[in-house]
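A.B. asks: I'd like to go over a predicted model; first the sequence, then the structure.
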Amino acid sequence: MEKSSENNVLITLPVNLAFAAIDGYLKENYTGKIIKEEKENGKVSEYAEIIAMSLDRSEEEEYDIAVDVAFKNLTSLFRNKTGRILLHLSLNFNQAEQEIFVDSFKLKGNSGNWLMDKSMQAVANTFLHKKIKDKMVFNFREIIAEQLEDINKKLEDPYEVKEGINLYGNLKDFSIQTIIPKIRHFYVLLHIEADAVMDIDKINITTPPL
């Protein structure tokens, strides 16, 4: 059995991840993406180009979040017309795989054009249901591995937290225990395990006047 280090540190850290922080990620990674379907004969049908996305709490009771998607229609009937859809998502988190995924979803048109809204809803529900669920999977393992490597490089030498206070050691494990959607943020519970120590060489305390 591996002997436990006297410098072993275990932390359970709650984090509030604001929806606003995720908006930037959505804009950077999804703006300009084409919603399309590839048929068995190899023919590709393009339905819409994503112009913008934003995230909010879903007003639908059975769903967690709503993604507001602005798009340009690429179908022959509504080519180049712009519109909006609300994608209501129910999320699930697999702790063992460190993966968050869409359990179920519902798409509602919000463009003001009844025929275009119904057309987009039909496309999503008939042709793209599996594709949307398959694409909306986010695995944290790669990001965590990158962060661990970066942090541990900084901790190889004493890392100055504040003048006279240095931290060094090794971050052994960093994982997500749970993700819970709230009204304006995700509540994320992190598990952190480290072999670390803090050296204090100087104490700066300002004493109040007598």
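C.D. replies: Good, I have the coordinates.
A.B. asks: switch to C-alpha atoms for all contacts and neighbour counts from now on
C.D. replies: Will do.
A.B. asks: so what's the most centrally placed residue in the chain scoring on pLDDT?
C.D. replies: The centre of the chain sits closest to I22, judged by C-alpha atoms, centre = their mean, with a distance of 6.3 Å. In this prediction, I22 carries a pLDDT score of 84.
A.B. asks: how about N94?
C.D. replies: N94 carries a pLDDT value of 91.
A.B. asks: okay, helices next: where are they in the chain?
C.D. replies: Listed in chain order, the helices of the chain (DSSP state H) span 19-30, 114-126, 129-135, 141-155.
A.B. asks: ok, back up a step: so the residue nearest to the centre of the chain touches L55, yeah?
C.D. replies: Yes: under the criterion of C-alpha atoms under 8 Å, I22 makes contact with L55 at 7.4 Å.
A.B. asks: thought Y168 was touching I151?
C.D. replies: No: with contact defined as C-alpha under 8 Å, Y168 and I151 do not form a contacting pair (10.2 Å).
A.B. asks: more neighbours, the two?
C.D. replies: Y168 (18 against 13; other C-alpha atoms under 10 Å).
A.B. asks: okay, and the beta partners of L91?
C.D. replies: Applying DSSP bridges to L91 yields these beta-bridge partners: V102.
A.B. asks: show me the contacts for the nearest residue in space to L189 that is not next to it in sequence.
C.D. replies: Spatial nearest neighbour of L189, chain neighbours left out: P14 (4.6 Å); criterion: C-alpha to C-alpha, 6 or more residues apart in numbering. The contact partners of P14, by C-alpha atoms under 8 Å, 6 or more residues apart in numbering, come to Y187, V188, L189, L190.
A.B. asks: understood, closing this out.
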